[in-house]
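[1] Build me a structure from this.
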Amino acid sequence: MLSAELAPKLLAGNRRALARGISIIETGGAPARALLGALYSHTGRAHIVGITGAPGAGKSTLVNAPALHWRRAGRTVGIIPVDPTSPLTA
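    Below you'll find the model as predicted:
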């Protein structure tokens with residue numbers, strides 16, 4: 001699926017399109033740049049929060065509280081876990 005076809009589906013909340021979009025962006029290259037370019041103007045006032053720490057330090061518990069708070073306030077929350085030691089996310 002081309003990025004031009006994928007962007008409207010992502011913006012409509014299609015979860016399959018989200019999965020495909022994440023894969024495209026992880027792979028990088030021209031398709032990723034095109035998709036990100038198509039989506040950028042729709043990001044509004046999004047915030048990025050990074051949580052780091054040793055395994056077992058409670059990162060998931062820490063992330064859960066603000067995510068629940070923001071969802072109860074009607075906000076959209078996306079959580080993208082990254083393991084820098086993994087060859088898939090490094």
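[2] list the buried ones in stretch 81-90?
    The neighbour-count check on stretch 81-90 (16 or more other Cβ atoms under 10 Å) flags nothing as buried. C-beta: built from backbone N, CA, C; applies to glycine.
[3] Over stretch 20-32, what's the mean pLDDT, rounded is fine.
    Stretch 20-32 shows a mean pLDDT of 91.
[4] Setting aside sequence neighbours, what's the nearest residue to residue 62?
    The shortest distance from residue 62 to any non-neighbouring residue, by Cβ to Cβ, 6 or more residues apart in numbering, is to residue 51 (6.0 Å).
[5] Residue 4 now?
    Residue 4 sits nearest to residue 38 (Cβ to Cβ, 6+ apart), 6.7 Å away.
[6] That neighbour: neighbouring residues, count only.
    Neighbour count for residue 38, taken as other Cβ atoms under 10 Å: 18.
[7] what about it, which helix or strand?
    helix 30-40 (DSSP states H and E).
[8] Which secondary structure elements does that helix sit against?
    On a contact count with 3 or more Cβ pairs under 8 Å, 6 or more residues apart in numbering; DSSP states H and E, helix 30-40 meets helix 3-11, helix 15-27.
[9] Give me the distance from the first one to the chain's centre.
    Read that as helix 3-11. Remark: helix 3-11 is offset 15 Å from the chain centroid, using Cα atoms, centre = their mean, to the nearest Å.
[10] So what's the model's average confidence on it?
    Here helix 3-11 scores 88 as its mean pLDDT.
[11] So which bits of the helix holding residue 38 are buried?
    31-32, 34-35, 38-39.
[12] now residue 82: how far from residue 5?
    Separation of residue 82 from residue 5 (Cβ to Cβ, to the nearest Å) stands at 27 Å.
[13] what's the answer for residue 86, then?
    Residue 86 sits 30 Å away from residue 5, going by Cβ to Cβ.
[14] Could you chop the protein up by domain?
    Domain ranges of the chain: 1-45, 48-80, per the TED database.
[15] Out of those, which is the most enclosed?
    Stretch with highest mean neighbour count among those: domain 1-45 (a mean of 13; mean count of other Cβ atoms under 10 Å).
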